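Colleague: Coordinates for the following, if possible.
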Amino acid sequence: MKPLKERVSLTLDENVIKAIKDLADQNDRSFSAYVNIVLKKHIETENKK
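Modeller: This next block holds a predicted model:
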């Protein structure tokens with residue numbers, strides 16, 4: 001079973017949005033899925049400190 005997800009609203013800088021959209025497209029993922037991946041990786045990195 002997939003983990004539960006919750007809808008949130010974020011306000012991001014335009015350049016961040018464009019960069020994420022470009023990277024998501026390159027990786028054949030949705031904007032939301034890519035943001036989720038990036039945040040998970042960041043959290044894992046921070047937890048290792």
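Colleague: Return the distance of the spatially most central residue of the chain relative to Met1.
Modeller: With distances taken as Cα atoms, centre = their mean, Val35 lies nearest the centre of the chain, 0.8 Å away. Separation of Val35 from Met1 (Cβ to Cβ, to the nearest Å) stands at 22 Å. Every residue, glycine included, has its C-beta placed from N, CA and C.
Colleague: same question, Thr11
Modeller: Look at Thr11 and Met1: by Cβ to Cβ, they are 32 Å apart.
Colleague: which of the residues in the longest helix along the chain are buried?
Modeller: In the chain, with assignment by DSSP state H, the single longest helix is helix 31-48. Within helix 31-48, the residues scored as buried using 16 or more other Cβ atoms under 10 Å are 34-35.
Colleague: by contact count, what packs against it?
Modeller: Judged by 3 or more Cβ pairs under 8 Å, 6 or more residues apart in numbering; DSSP states H and E, helix 31-48 is in contact with helix 14-26.
Colleague: which residues are contacting the helix it packs on?
Modeller: Applying Cβ atoms under 8 Å, 6 or more residues apart in numbering, the contact partners of helix 14-26 are 12, 30-31, 33-35, 38.
Colleague: what's around Ala24, how many residues?
Modeller: 18 (other Cβ atoms under 10 Å).
Colleague: Show the pLDDT at the residue nearest to the centre of the chain.
Modeller: Note on Val35: pLDDT of 97.
Colleague: one step back: ok and the longest helix of the chain relative to helix 14-26, angle-wise?
Modeller: Helix 31-48 and helix 14-26 meet at an angle of 100 degrees, taking axes from the mean of the first three to the mean of the last three Cα atoms, to 10 degrees as the criterion.
Colleague: Other residues contacting helix 31-48?
Modeller: With contact meaning Cβ under 8 Å, 6+ apart, helix 31-48 is reached by 10, 20-21, 23-24, 27, 29.
Colleague: redo that, cut-off 6 Å
Modeller: Outside helix 31-48, the residues that touch it by Cβ atoms under 6 Å, 6 or more residues apart in numbering are 20-21, 24.
Colleague: which one of the contacts of helix 14-26 sits closest to Lys5?
Modeller: Using Cβ to Cβ, Ala33 comes nearest to Lys5 of the contacts of helix 14-26, at 10.2 Å.
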